[in-house]
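> need coordinates for the following:
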Amino acid sequence: MWSGRGGVPTIADALAVLAAVPVAPEGPGMIDQLRQLEDVKSLAAARQAEITVAFDGFQRRVQAAAGVPAEEQGAGVAAQIALARRESPAKGGRLLGTAKALTGMPRTFAAFRSGQLNEWRTTLV
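Numbering: from 1, shown residues only. A predicted model of the protein is given here:
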């Protein structure tokens with residue numbers, strides 16, 4: 001049913017499921033869907049932050065193993081993040097910095113993942 005290894009769903013699977021959900025037939029249901037989609041957006045942004053930090057760590061380990069000097073490790077990471085997120089390179093650097101800060105703040109990050117805070121509000125924290 002799922003396209004991932006070992007039957008684990010992929011993000012593409014989740015997108016397909018989400019796209020298949022019909023619009024609720026009445027106003028209250030539509031409002032509920034809007035709220036739930038806000039939660040999905042917050043969770044997706046939180047996952048992006050987790051993946052961003054993991055990618056940065058991975059790239060730094062690869063660069064260290066290749067003999068890149070410590071002060072040069074991490075070069076290009078922000079640009080790759082920007083490209084993946086369809087943002088400018090400058091914004092990629094801000095996204096990387098924000099992700100590192102947020103993942104070091106467990107309560108704020110938990111509120112972000114749960115939908116209590118959206119991406120904009122987490123940047124204000």
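> contacts and neighbour counts: CA atoms only from here.
Noted.
> point to the residue nearest the middle of this protein.
Geometric centre of the chain, nearest residue: Q48, 1.2 Å, by C-alpha atoms, centre = their mean.
> need the pLDDT of that one.
Here, the pLDDT recorded for Q48 equals 96.
> could you pull out the buried residues of the helix or strand where it lies?
Assessed by DSSP states H and E, Q48 sits inside helix 27-65. For helix 27-65, the neighbour count (16 or more other C-alpha atoms under 10 Å) marks 33, 38-46, 48-50, 52-53, 55-56, 59-60, 63 as buried.
> re the thing from before, against R5, how distant is the residue nearest to the centre of the chain?
Plainly put, Q48 is 21 Å away from R5 if you go by C-alpha to C-alpha, to the nearest Å.
> how far out from the middle of the chain is the lowest-mean-pLDDT helix or strand in the chain?
The helix or strand of the chain with the poorest confidence is helix 119-124; it has a mean of 86 (mean pLDDT, DSSP states H and E). Put simply, helix 119-124 sits 13 Å off its chain's centre (C-alpha atoms, centre = their mean, to the nearest Å).
> so which elements touch that helix?
Using 3 or more C-alpha pairs under 8 Å, 6 or more residues apart in numbering; DSSP states H and E, the elements in contact with helix 119-124 are helix 27-65, helix 106-114.
> would you turn those into CSV with distance to A99?
Compiled in CSV, those are given as follows (distance: least, C-alpha to C-alpha, whole Å):
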stretch, distance to A99
helix 27-65, 5
helix 106-114, 10
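> quickly, which of those helices bottoms out on average pLDDT?
The stretch with the lowest mean pLDDT among these is helix 106-114, at a mean of 92.
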